[in-house]
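**Student:** next input, structure requested:
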Amino acid sequence: EEDGGGSISAFSSRSNFETAQRMAKSLASSSLVPKDYQGNLPNVLIALEVASRVGASVFAVMQNLDIIHGTPSWRAKFLIATANACGRFTSLRWRWFGEEGTESWGCRAVAKEIATGEECVGPLVTLAMAKAEGWSTKSGSKWKTMPELMLCYRSAAFWTRLFAPELSLGMSTSEEVNDV
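**Tutor:** Numbering: from 1, shown residues only. Here you go, the predicted model:
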């Protein structure tokens with residue numbers, strides 16, 4: 001069955017599976033899709049299914065669903081965009097706490113549920129948390145070079161898990177998987 005975005009639920013019927021295989025073959029032959037999907041029909045079929053479940057285009061899913069050590073992971077910017085576009089909440093914003101550059105510095109992702117007006121406040125993520133969890137001490141960690149962006153990304157991932165888990169399908173973000 002198709003959604004409004006033209007994606008197909010590949011595994012819902014034999015007919016859909018056959019149609020999805022034809023679509024996957026075409027997509028897998030494109031040089032515009034990421035390497036994890038080029039020539040890889042099974043990965044493209046899964047991307048088609050995921051696109052159907054989250055209501056996104058399959059191309060957007062393939063551009064933002066990274067495969068890290070065999071684990072599918074969303075890019076945080078995609079989760080933010082998906083939450084902002086879902087229509088249930090106002091756009092995500094960040095509340096900052098502590099002193100910039102110190103371990104107390106951090107933020108919470110915040111949005112309002114449109115139907116009720118209730119403010120949805122995510123967990124506080126700080127540089128102290130990043131250090132305690134080992135996120136900022138890994139070799140090549142983006143926490144060292146762009147901590148403000150990483151605080152936003154991590155707080156958005158936590159917010160999505162709490163208030164709109166259907167958007168992430170229970171998957172971690174690429175940033176989280178790389179940190180671990």
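
**Student:** helices and strands around the longest strand anywhere in the chain, which ones?
**Tutor:** The strand that spans the most residues within the chain, counting by DSSP state E, is strand 106-112. On a contact count with 3 or more C-beta pairs under 8 Å, 6 or more residues apart in numbering; DSSP states H and E, strand 106-112 meets strand 93-97, strand 119-121, strand 125-126, helix 127-132, helix 147-163. Every C-beta, even on glycine, is put in place using the N, C-alpha and C of the backbone.

**Student:** what's the most buried one of the ones you listed?
**Tutor:** Of all the helices and strands packed on strand 106-112, strand 125-126 carries the top mean neighbour count, a mean of 23, counting by mean count of other C-beta atoms under 10 Å.

**Student:** flag every buried residue along stretch 31-50.
**Tutor:** With burial defined by 16 or more other C-beta atoms under 10 Å, the residues of stretch 31-50 counted as buried are Val33, Tyr37, Gln38, Asn40, Asn43, Val44, Leu45, Ile46, Ala47, Leu48, Glu49, Val50.

**Student:** what's the most distant pair in those?
**Tutor:** Using C-beta to C-beta, the two most remote members of those are Gln38 and Glu49, lying 18.4 Å apart.

**Student:** figure out which of the helices and strands packed on strand 106-112 is closest to Thr19.
**Tutor:** Closest of the helices and strands packed on strand 106-112 to Thr19 is helix 147-163, at 30.5 Å (criterion: C-beta to C-beta).

**Student:** helix or strand right after the closest one?
**Tutor:** Once helix 147-163 ends, the next helix or strand along the chain (criterion: DSSP states H and E) is helix 165-168.

**Student:** which element follows that next one toward the C-terminus?
**Tutor:** For helix 165-168, the succeeding helix or strand toward the C-terminus, using DSSP H and E, is helix 174-179.

**Student:** got a list of contacts for that following helix?
**Tutor:** Contacting residues not belonging to helix 174-179 are listed as 66, 68-69, 71, 73-76, 133-135, 138, 141-143, 150, 153-154, 157 [C-beta atoms under 8 Å, 6 or more residues apart in numbering].
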